[in-house]
Structures are given as structure tokens and as C-alpha cells.
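Engineer: Test case, fold it:
(2 chains)
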Amino acid sequence: MIIHHPLLGPRDAQEFTYLGDATLIDRPDAMAEGALEAFDAYLHLRDNPAGTHRELWYHEVGDRSWLVVTRDTRTHEITQVELARDVALSKGRGR
Amino acid sequence: MRYSAFRLFAEALRGHRGWRPAWRDPEPQAEYDTLIIGGGGHGLATAHYLASRYGARSVAVLEKGWIGGGNVGRNTTIVRSNYLLDGNEPFYEHSLKLWEGLEQDLNYNAMFSQRGIINLYHSDAQRDAYIRRGNAMRLHGADAELLDAAGVRALYPWLNFDNARFPIQGGLLQRRAGTARHDAVAWGYARAADRRGVDILQNCEVTGLRIDGGRITGVDTTRGPIRARKVGVAVAGNSSRVMEMAGLRLPIESHVLQAFVTEGLKPLIDGVVTFGAGHFYISQSDKGGLVFGGDLDGYNSYAQRGNLPVPEDVIESGMAIMPAIGRARLLRMWGGVMDMSMDGSPIIDRTPIEGLYFNGGWCYGGFKATPASGLTFAHLLATDEPHPTATAFRLDRFRRGYPIDERGAGAQPNLH
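Structural biologist: Here you go, the predicted model:
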């Protein structure tokens, strides 16, 4: 697979390590009501779709940025690559 | 029709005109007591044990494709019970004991061959870890023997013992482990279940689960709706997709695992050998092909095919312990979709929906578990209680903090 890095252009997927579903960006508030259930879902439960999947890849042997890659799990076709930082900021996160 | 040497002899004299299909192709009935979704090894085994051990009369197996067309026909056929943890080892040893009587139970030749598995170790620390594992196995009634380098050399003199980086110091041998013919396991269970009146409905994909007031009442399929009191789901690889129909999210990711087979060679490996310093396992099929595999690709996939970096890594590992493999030509490679659970161990449990039961999360260890998975799932479906050897495989064990993490890798499915 080739991942089109937003800053570095096309890179071999072997340069990256894979973490999983991009919802891992949305870390629950540990102080909120029902945090135990929220963290159980955050840590352990996954949508695991057959089709479009937004997922976190880490450019380990490159610039060490986190990316959000949109990929079809049935075909491995990649349709969008964003910096995870931009995605987090757009969700109102501080960094 | 019972299979026997006498039967074969009689049919040979009659020009083999008396053989009949091994199972029926019935029309779906409007209602069954128990439906099993998934006609793979585990689903068929569940149906067989429900009918044979728990006296179930009205059971159907729903299969979206054909019998033997899923993961039961895509694995590397290794059967073993060399686990460490308390939640796992009694279950897999139970499975191995069922394998030992399987062919008589099914009246079907599954070509189960107890040719032994050896896990190689390459350092003092790894030897200590294998001593611990071997002791854990023996405490649960399994067999394990620790071999030094000379002991391994007596079995496999052509291994690369003097590898500069990963010299082979010895191995942990389980002699009762082995291989079986995977297709025959599916066919044998299908035939045995069918003979006891189980309806096997092929080309019958489940498109919806009917749930009324928190209770399952039946399923919608491509061959029409079917009512049922109990529904068991055994569709590893696609568990998340089926359970989504019940509104449940699972502690599972689907990943692709690749496997490889070379051209047929003369007998070389009479057991199963695994590399201890990388991830590589190899055996030889009865047709002579070397069957081997290694790590997952590592990303979510339903594609049933992987990418080339994994073959490179697997074959490098193979070359490290077995340089002779470099002379063999690769005949085929393929991928299967695995239910990777959060701790690398399976789930056999009730669900929050009354009458709906779940069996999945087999990671890449489902084949060896086929008999015990079927028996314990049948036990759960019939009695509503977990089987004594499968009490740890609970759906909510992550929330409660009781994972069964053989690898010690944490809640990260692609690392197990």
C-alpha cells in the first residue's frame, strides 16, 4: 500500500505502524459522569466496518507524525490522508 | 450411509454407483428451536454436538456460501494445546482430546495426524519461558517435553542450528499435537450433523436479526425469514458485521492473515516446527507441499488478501531457521479474515439479547479449537451455562479487567 502523506508525498505503508480506528482521538473525559463505561467502550469496543474506515497510522521511520487515513477495508483503497493533528484541532481539541 | 472398509470394498465391486451425497440440501422450515449462523467448522461442530450430546431435535445451520468455503478451508491446519494461561489451556487440551476421538465420533476420515509440534528456543530466557509453559501444560494434563539442541537435531538435522544471530538451543515439543485435513473436518461435521437431522442451509445469508423486546425471535435470510427460540452466531471473521444487526459493538477487529504453500516435495518435515525468534511456523501436507505462515498484515481488512511486506518477513524468518526452503518454489499464497480480539483469546458467551449467543474472536487459533468450540458452544446453547472448560471466555471480561492475554500485549488486536 502507498500512503500519500500530506507533507511528504507518496510513502510505502511499511514506513508506518498501525494503531486502529481514528475514534481513538476522541479520548473520554475521565472526570465525567459514566467515565468507566465510556473508557470501556473507548479502549475495547470497535465498529470494525467492512468498507470505509478512518484509522490512525504513525510515520515511525519518517517524520513521526500521526495520520488519519481513510481506507476501504474490503479493497485496501486509500481515499483520503490527513494529519491527525488537523483532525484533532478541527474537533475542538487544544492540540 | 455408514462409511467403513467393508462399504468401500462393496462399492468397489459395484463400480462406486452406490455413494450418496454426504448431506441433504433441504428447504428452510419456517421455524427451528435453534439456529446456528455460520456453516464453518465451529458452527457445524456446534450443530453436531447439540444433536449428538444434548439431544437437540430442531437445529439448522445457516451458511451464506458453501460448506468448507470460509476460514475452515483457509487455515494452516495445525492442532495443538501448548498454551500457558489458566483460562486457555484446559479448553485447548479438552479440544485436543476431542480431536483424538473425532474420526470415530464422526465416522469420517479427517486425516488427523499426531505428528508433534516443536517450538524452538534461541536464548536462555526463552528456554526458561518454555519450561514455565511446559509445566503449565503438564499441570492441566497435556504433554510437553523440553529438548536441548541435540534432541532437536535428532528430529530435524537440517535446521540452521548455528545461525549467528538466533542459534537454536532447543525446543518445547508436544508430541500429541499435529495436523488434520481442514476440508474433511468441515465435511465430517456437516455429514454427522445432517445424519442426526440438522438442516444445513447453504447459500442462505442472514440479512437481519429479529429482536422483540430484548429477545431474539428469528432471522431474515436471503431464503426468507426463519423463526427461532435461540440463535448462536459463529461467524469468526465477520462477527462485527453480524452482531451489528443486533446493535452490539464487539471487542474485535477483523485482520488479514496470509498463508503460503510450496510445490510438492518429497517428505522432509514430519511434524510442525515454529521459529522462536520471529513469527514463522511450517509443516508439510500429505501431498508434499510445505505449508507455512507468520504474522498478520496488521491493519483492519476484510479483503481475504494481504500485501507483500508480510510474505517478505515470513520467508526471511523461514530462511533463518531453514535455508533449504529457499530452493522451494511458492505455489500459492492466500489470506483469511481473522476476528482479532482485544487480548488474543476467544469469546463464547451469552449476549445482552435474550436467546442470542456469540462465539467468535478466534484470532488465528480457531482451527485447533473446532471440536471444543462446538462442544462448549452447544453446552451454552443447550443449558444456558458455560461449559467448565470455557468459563473464562466472557464477552464482558475486558470491562471487568479479566483479559486472557497470552502474548502480554494489552488491548491492541494487531499485536496478538
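Engineer: Close to chain A: what parts of the stretch 151-300 of chain B are there?
Structural biologist: Counting by CB under 8 Å from any CB of the partner chain, the positions of the stretch 151-300 of chain B adjacent to chain A are B:238, B:240-241, B:244, B:249-254, B:298-300. For every residue, glycine as well, the C-beta is placed using N, CA and C.
Engineer: can we see that at 7 Å?
Structural biologist: B:240-241, B:249-254, B:298-300 (CB under 7 Å from any CB of the partner chain).
Engineer: Please identify which pair of the residues you listed lies farthest apart.
Structural biologist: B:Arg249 and B:Gly298 (21.5 Å; CB to CB).
Engineer: Who has more neighbours out of those two?
Structural biologist: Neighbours were tallied for B:Arg249 and for B:Gly298 using other CB atoms under 10 Å in any protein chain shown; the higher tally belongs to B:Gly298 (20 against 14).
Engineer: so which strand or helix has that one?
Structural biologist: Under DSSP states H and E, the secondary-structure element containing B:Gly298 is strand B:289-300.
Engineer: what residues does that strand touch?
Structural biologist: Here strand B:289-300 makes contact (CB atoms under 7 Å, 6 or more residues apart in numbering or on different chains) with A:18, A:48, A:53, A:55, A:73, B:76-77, B:253-265, B:269, B:279-285, B:306-307, B:310, B:313-314, B:317-318, B:325, B:328, B:331, B:414.
Engineer: Next, the buried residues of the helix or strand following that strand.
Structural biologist: Using DSSP H and E, the helix or strand that follows strand B:289-300 in sequence is helix B:309-321. Residues of helix B:309-321 classed as buried by neighbour count (16 or more other CB atoms under 10 Å in any protein chain shown): B:310-311, B:313-315, B:317-318, B:320-321.
Engineer: Can you redo those residues as a markdown table, where the extra columns are distance to chain A?
Structural biologist: Conversion of the buried residues of helix B:309-321 to a markdown table gives the following (distance: CB to the nearest CB, whole Å):
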| residue | distance to chain A |
| --- | --- |
| B:Val310 | 10 |
| B:Pro311 | 12 |
| B:Asp313 | 10 |
| B:Val314 | 14 |
| B:Ile315 | 15 |
| B:Ser317 | 16 |
| B:Gly318 | 19 |
| B:Ala320 | 19 |
| B:Ile321 | 23 |
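Engineer: quick one: which of the contacts of strand B:289-300 sit in helices?
Structural biologist: For these, the ones inside helices are B:310, B:313-314, B:317-318, with DSSP state H as the criterion.
Engineer: okay, now the residue of chain A found nearest chain B: neighbour count?
Structural biologist: With CB to the nearest CB, the shortest gap between chain A and chain B falls at A:Asn48, namely 3.7 Å. The local packing of A:Asn48 (other CB under 10 Å) involves 27 other residues.
Engineer: Then B:Pro371?
Structural biologist: Number of residues near B:Pro371 (other CB under 10 Å) recorded here: 27.
Engineer: Equivalent analysis for B:Leu84, please.
Structural biologist: B:Leu84: 17 surrounding residues under other CB under 10 Å.
Engineer: Confirm for me that it is in contact with B:Arg133.
Structural biologist: Yes - using CB atoms under 7 Å as the test, B:Leu84 is close enough to B:Arg133 to be in contact (4.8 Å).
Engineer: where along the chain do the helices fall?
Structural biologist: This is for chain A. With DSSP H as the criterion, chain A has helices spanning A:35-44, A:84-90.
Engineer: nope, chain B please
Structural biologist: Listed in chain order, the helices of chain B (DSSP H) span residues B:5-13, B:41-53, B:89-100, B:102-106, B:124-139, B:149-155, B:182-195, B:239-244, B:309-321, B:370-383, B:397-400.
Engineer: Output the first one in CSV with nothing but the alpha carbons.
Structural biologist: This means helix B:5-13. Included here for helix B:5-13 are C-alpha records, laid out as CSV according to Å, rounded to 0.1, in the frame of the first residue of the first chain:
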residue,chain,number,x,y,z
ALA,B,5,-13.7,-50.6,4.8
PHE,B,6,-16.4,-53.1,4.1
ARG,B,7,-18.5,-50.4,2.5
LEU,B,8,-15.6,-49.3,0.3
PHE,B,9,-14.9,-52.8,-0.8
ALA,B,10,-18.6,-53.4,-1.6
GLU,B,11,-18.8,-50.2,-3.6
ALA,B,12,-15.6,-51.0,-5.5
LEU,B,13,-17.3,-54.2,-6.7
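Engineer: Looking at it now, give me its mean pLDDT.
Structural biologist: Helix B:5-13 comes out with an average pLDDT of 96.
Engineer: what helices or strands is it leaning on?
Structural biologist: The contact analysis (3 or more CB pairs under 7 Å, 6 or more residues apart in numbering or on different chains; DSSP states H and E) places helix B:5-13 against no helix or strand.
Engineer: What sits closest to B:His182 if chain neighbours are left out?
Structural biologist: Nearest non-adjacent residue to B:His182, counting by CB to CB, 6 or more residues apart in numbering or on different chains: B:Thr77, 4.9 Å away.
Engineer: Nearest to the spatial middle of chain A, which residue is it?
Structural biologist: What sits nearest the mean C-alpha location of chain A, by CA atoms, centre = their mean, is A:Leu56, with 2.3 Å.
Engineer: Hmm, that one is touching A:Arg71, no?
Structural biologist: No - proximity of A:Leu56 to A:Arg71 does not meet the contact threshold set by CB under 7 Å, at 11.3 Å.
Engineer: which outside residues touch stretch B:87-102?
Structural biologist: For stretch B:87-102, using CB under 7 Å, 6+ apart, the contacting residues are B:79, B:81, B:83, B:110, B:112, B:136-137, B:140-142, B:176, B:345, B:368-369, B:371-372, B:375, B:389-390, B:392, B:404, B:406.
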